[in-house]
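A.B. asks: with the sequence up front, the predicted model follows.
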Amino acid sequence: MLSDEAKERLRDSLGKVHDWPSVYMFKFILEPEEKRLQAVLELFAAETEVLRRYSAGGKYLSITVKEVMLSADEVVERYERASAIQGVITL
(Lines give C-alpha, C1' and ligand atoms only; values in the text may rest on other atoms or scores of the structure.)
Protein backbone atom coordinates (compact mmCIF):
# COMPACT_ATOMS: atom_id res chain seq x y z
CA MET A 1 0.00 0.00 0.00
CA LEU A 2 1.11 3.52 -0.65
CA SER A 3 1.91 5.68 2.34
CA ASP A 4 0.01 8.94 2.82
CA GLU A 5 3.23 10.81 2.08
CA ALA A 6 3.76 8.90 -1.20
CA LYS A 7 0.17 9.57 -2.25
CA GLU A 8 0.53 13.28 -1.56
CA ARG A 9 3.82 13.49 -3.51
CA LEU A 10 2.19 11.70 -6.44
CA ARG A 11 -0.83 14.06 -6.37
CA ASP A 12 1.46 17.11 -6.31
CA SER A 13 3.60 15.77 -9.15
CA LEU A 14 0.57 14.91 -11.28
CA GLY A 15 -0.92 18.36 -10.69
CA LYS A 16 2.22 19.99 -12.06
CA VAL A 17 2.34 18.07 -15.35
CA HIS A 18 -1.28 17.26 -16.22
CA ASP A 19 -4.44 19.23 -16.91
CA TRP A 20 -7.44 17.09 -16.04
CA PRO A 21 -9.10 15.22 -17.62
CA SER A 22 -6.07 13.72 -19.31
CA VAL A 23 -4.84 10.48 -20.84
CA TYR A 24 -2.58 8.88 -18.25
CA MET A 25 -0.12 6.06 -18.86
CA PHE A 26 0.15 3.48 -16.07
CA LYS A 27 3.09 1.06 -15.96
CA PHE A 28 3.40 -2.17 -14.02
CA ILE A 29 5.93 -5.00 -13.87
CA LEU A 30 5.03 -8.47 -12.67
CA GLU A 31 5.86 -12.12 -13.08
CA PRO A 32 3.52 -13.41 -15.81
CA GLU A 33 1.23 -15.42 -13.56
CA GLU A 34 -2.38 -15.52 -14.84
CA LYS A 35 -4.11 -14.69 -11.54
CA ARG A 36 -1.87 -11.68 -10.94
CA LEU A 37 -2.25 -10.49 -14.54
CA GLN A 38 -6.04 -10.72 -14.32
CA ALA A 39 -6.06 -8.75 -11.05
CA VAL A 40 -4.15 -5.91 -12.76
CA LEU A 41 -6.34 -5.95 -15.86
CA GLU A 42 -9.50 -5.81 -13.71
CA LEU A 43 -8.41 -2.37 -12.49
CA PHE A 44 -9.25 -0.99 -15.94
CA ALA A 45 -12.24 -0.96 -18.29
CA ALA A 46 -12.32 -3.72 -20.93
CA GLU A 47 -11.92 -1.21 -23.78
CA THR A 48 -8.78 0.37 -22.29
CA GLU A 49 -5.59 0.15 -24.36
CA VAL A 50 -3.20 -2.37 -22.81
CA LEU A 51 0.29 -3.11 -24.13
CA ARG A 52 2.22 -6.17 -22.90
CA ARG A 53 5.94 -6.79 -23.24
CA TYR A 54 7.87 -9.74 -21.87
CA SER A 55 11.45 -9.45 -20.65
CA ALA A 56 14.15 -11.07 -22.78
CA GLY A 57 14.09 -14.23 -20.66
CA GLY A 58 10.31 -14.20 -20.27
CA LYS A 59 10.51 -14.02 -16.48
CA TYR A 60 8.77 -10.64 -16.22
CA LEU A 61 5.89 -8.94 -17.96
CA SER A 62 5.64 -5.19 -18.40
CA ILE A 63 2.13 -3.79 -18.75
CA THR A 64 1.42 -0.29 -20.04
CA VAL A 65 -2.14 0.98 -19.82
CA LYS A 66 -3.45 4.25 -21.26
CA GLU A 67 -6.73 5.56 -19.92
CA VAL A 68 -8.47 8.92 -19.59
CA MET A 69 -8.37 9.98 -15.96
CA LEU A 70 -10.53 12.78 -14.60
CA SER A 71 -8.22 13.84 -11.76
CA ALA A 72 -4.97 13.17 -9.94
CA ASP A 73 -7.03 11.56 -7.17
CA GLU A 74 -8.30 8.99 -9.67
CA VAL A 75 -4.71 8.12 -10.67
CA VAL A 76 -3.63 7.82 -7.03
CA GLU A 77 -6.61 5.61 -6.23
CA ARG A 78 -5.78 3.28 -9.14
CA TYR A 79 -2.15 3.00 -8.03
CA GLU A 80 -3.33 2.35 -4.48
CA ARG A 81 -5.44 -0.58 -5.68
CA ALA A 82 -2.60 -1.91 -7.86
CA SER A 83 -0.11 -1.73 -5.00
CA ALA A 84 -2.36 -4.08 -3.00
CA ILE A 85 -1.82 -6.86 -5.56
CA GLN A 86 1.04 -9.02 -4.31
CA GLY A 87 4.02 -9.17 -6.66
CA VAL A 88 3.07 -6.14 -8.78
CA ILE A 89 5.58 -3.31 -9.09
CA THR A 90 4.03 0.04 -9.95
CA LEU A 91 6.11 2.59 -11.86
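C.D. replies: Done, it's in.
A.B. asks: so what touches the helix or strand of the chain with the lowest mean pLDDT?
C.D. replies: Ranked by mean pLDDT, DSSP states H and E, the weakest helix or strand in the chain is helix 4-17, scoring a mean of 87. Residues outside helix 4-17 that contact it (C-beta atoms under 8 Å, 6 or more residues apart in numbering): 2, 72, 73, 75, 76, 79, 80. All C-beta atoms are positioned from the backbone trio N, CA, C, and that covers glycine.
A.B. asks: without its sequence neighbours, what residue ends up closest to the residue nearest the centre of the chain?
C.D. replies: The centroid of the chain falls nearest to residue 26 when counting by C-alpha atoms, centre = their mean (3.9 Å). Distance criterion C-beta to C-beta, 6 or more residues apart in numbering; nearest residue to residue 26, sequence neighbours excluded, is residue 65 at 4.4 Å.
A.B. asks: burial of that neighbour, as a residue count?
C.D. replies: 21 (other C-beta atoms under 10 Å).
A.B. asks: do the same with residue 81
C.D. replies: Residue 81, neighbours per other C-beta under 10 Å, totals 16.
A.B. asks: flag the shaky bits of the protein, pLDDT-wise.
C.D. replies: Scanning the chain for pLDDT under 70 picks out 1.
A.B. asks: tell me which element the residue of it positioned farthest from its centre falls in.
C.D. replies: Residue farthest from the centre of the chain, counting by C-alpha atoms, centre = their mean, is residue 57 at 22.9 Å. Assigned by DSSP states H and E, residue 57 falls within no helix or strand.
A.B. asks: please apply the same query to residue 68.
C.D. replies: Following DSSP H and E, one finds residue 68 within strand 61-69.
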